[in-house]
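S.K.: coordinates for the following, if possible.
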Amino acid sequence: MRAVQLDQIKEIVHAVAPTLENASIRRAGKGECYEAWWVGDDHVFRVPLDKSEGRALEVEMAVLPQLAEKLEVKIPAPEFLWRDETTEYVVLGHRAVHGKPLTSERLAHLSSLRRDALAVVIARFFTQLHDYPLESVDVELPLVANLNGRRENISAIEKLVFPRMTSLDVAACIDMKKYFAPCPPEKWTLLHGDLGPEHIFVDENDEVTGIIDFGNLSRGDPSFDLSAVIYGSGLQFAREVLNHMMLGNAQEELVRARIRCTWEYLTWSVEELEEEHTNEVDAEIPKIAGLIDAVNLWWR
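M.R.: Residues are numbered from 1 along each chain as shown. Predicted structure coming up:
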């Protein structure tokens with residue numbers, strides 16, 4: 001989808017949010033999937049860069065306003081949705097979450113006390129999110145697969161990534177996939193789908209001000225959310241979050257999340273190698289090795 005212009009955003013705001021039409025409008029930035037615009041100081045309007053992402057915005061509009069009422073942490077609850085029926089062009093407007101992204105570097109330098117406080121907030125967020133009844137969601141949510149392992153993905157991993165790894169780690173990857181225990185449908189929950197540190201906003205005192213980016217809002221195995229924490233913030237922080245969730249099946253949850261994250265790394269490596277980003281993959285291989293710990297078969 002082509003980039004939108006200021007005049008287009010002004011027209012959309014006039015159509016769906018006339019109370020904001022006199023507010024200043026400025027470009028907020030562009031990510032992998034969306035372009036964002038500030039409308040005044042308290043609203044953000046997001047535009048998908050690809051038409052297929054418009055569906056995710058419609059899901060957010062249907063779910064997040066109600067979910068926001070159930071969560072203690074602030075999220076960007078949508079207020080306005082504009083859709084062109086001819087072009088399927090979609091724009092979503094929501095209240096802004098103020099603060100700065102946490103970032104993995106900032107997380108690494110937190111004091112133990114502040115880090116633990118952060119883990120408590122994330123654990124509480126996941127608990128409330130996963131407790132939200134799926135039957136209350138009146139829109140079809142994307143389903144997260146039990147494990148990212150379609151035949152074509154596995155073939156590409158075997159061809160491109162495994163040759164860059166030690167034979168011991170390759171054997172461990174194959175073995176752990178065999179031991180992956182699927183989550184039964186009756187235990188599926190609502191999922192954020194992408195809670196890396198960049199989606200946790202904090203203030204100048206490193207206190208959480210909100211959680212953003214629900215573009216991967218979905219349903220499925222709750223350990224998927226924990227695997228995203230491992231992927232973005234590291235295994236140790238994921239353990240700290242899980243410790244505060246007080247789950248009876250915490251160890252099982254961590255095993256599924258850790259295996260899933262390993263295969264996410266492998267799948268991501270395939271994509272990067274196909275684009276000839278070999279140096280980036282070679283830098284990630286040690287992370288895969290550390291996550292596997294092939295000497296200690298923790299997944300059995």
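
S.K.: now do whatever helix or strand E60 lives in, average pLDDT.
M.R.: Using DSSP states H and E, E60 sits in helix 54-68. Average pLDDT, helix 54-68: 94.

S.K.: tell me the helix or strand right after that helix.
M.R.: That would be, after helix 54-68 and using DSSP H and E, strand 78-84.

S.K.: so where do the helices sit in the stretch 101-250 of the chain?
M.R.: For the stretch 101-250 of the chain, the helices defined by DSSP state H, counting those that start in this stretch occupy 104-108, 112-131, 151-156, 167-179, 223-233, 235-245, 250-274.

S.K.: winner for burial among these?
M.R.: helix 223-233 (a mean of 25; mean count of other CB atoms under 10 Å). (Each C-beta comes from the backbone N, C-alpha and C, glycine too.)

S.K.: residues making contact with it?
M.R.: 104, 107, 122, 126, 129-130, 144, 183, 191-198, 218, 237-238, 241-242, 253-254, 256-258, 260-261, 264-265, 291 (CB atoms under 8 Å, 6 or more residues apart in numbering).

S.K.: least confident secondary structure element in the protein?
M.R.: helix 151-156 (a mean of 76; mean pLDDT, DSSP states H and E).

S.K.: with distance to E79 added, can I get the helices of the stretch 101-250 of the chain in TSV?
M.R.: Formatted as TSV, those follow (distance: least, CB to CB, whole Å):
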stretch	distance to E79
helix 104-108	30
helix 112-131	21
helix 151-156	38
helix 167-179	43
helix 223-233	25
helix 235-245	30
helix 250-274	33
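
S.K.: comparing those by mean pLDDT, which bottoms out?
M.R.: Among the helices of the stretch 101-250 of the chain, helix 151-156 scores lowest, with a mean of 76.

S.K.: neighbouring contacts of the helix or strand encompassing E284?
M.R.: Using DSSP H and E, E284 sits within helix 278-292. With CB under 8 Å, 6+ apart as the test, helix 278-292 has contacts from 161, 164-166, 169, 172-173, 176, 230, 235, 258, 261-262, 265-266, 268-269, 272-273.

S.K.: check stretch 46-56 too.
M.R.: With contact meaning CB under 8 Å, 6+ apart, stretch 46-56 is reached by 1, 3-4, 9, 30, 32-37, 57, 83, 88-94, 215-217.

S.K.: how about 6 Å then?
M.R.: Residues outside stretch 46-56 that contact it (CB atoms under 6 Å, 6 or more residues apart in numbering) are M1, V4, C33, Y34, E35, A36, E88, V90, V91, L92, G215.

S.K.: list the buried residues of that stretch.
M.R.: Buried residues in stretch 46-56, counted by 16 or more other CB atoms under 10 Å: R46, V47, P48, L49, E53, G54, A56.

S.K.: how much space separates the fifth one from A145?
M.R.: What it means is E53. 19 Å (CB to CB, to the nearest Å).

S.K.: just the first one next, same as before
M.R.: According to CB to CB, R46 stands 26 Å off from A145.

S.K.: any idea how far P48 is from the residue nearest the centre of the chain?
M.R.: Centroid check for the chain by CA atoms, centre = their mean gives D194 as the closest residue, at 0.6 Å. Look at D194 and P48: by CB to CB, they are 15 Å apart.

S.K.: thinking again about what came up before, including distance to A23, could the buried residues of stretch 46-56 go into JSON lines?
M.R.: Output for these, formatted as JSON lines (distance: CB to CB, whole Å):
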{"residue": "R46", "distance to A23": "16"}
{"residue": "V47", "distance to A23": "17"}
{"residue": "P48", "distance to A23": "22"}
{"residue": "L49", "distance to A23": "24"}
{"residue": "E53", "distance to A23": "25"}
{"residue": "G54", "distance to A23": "24"}
{"residue": "A56", "distance to A23": "25"}
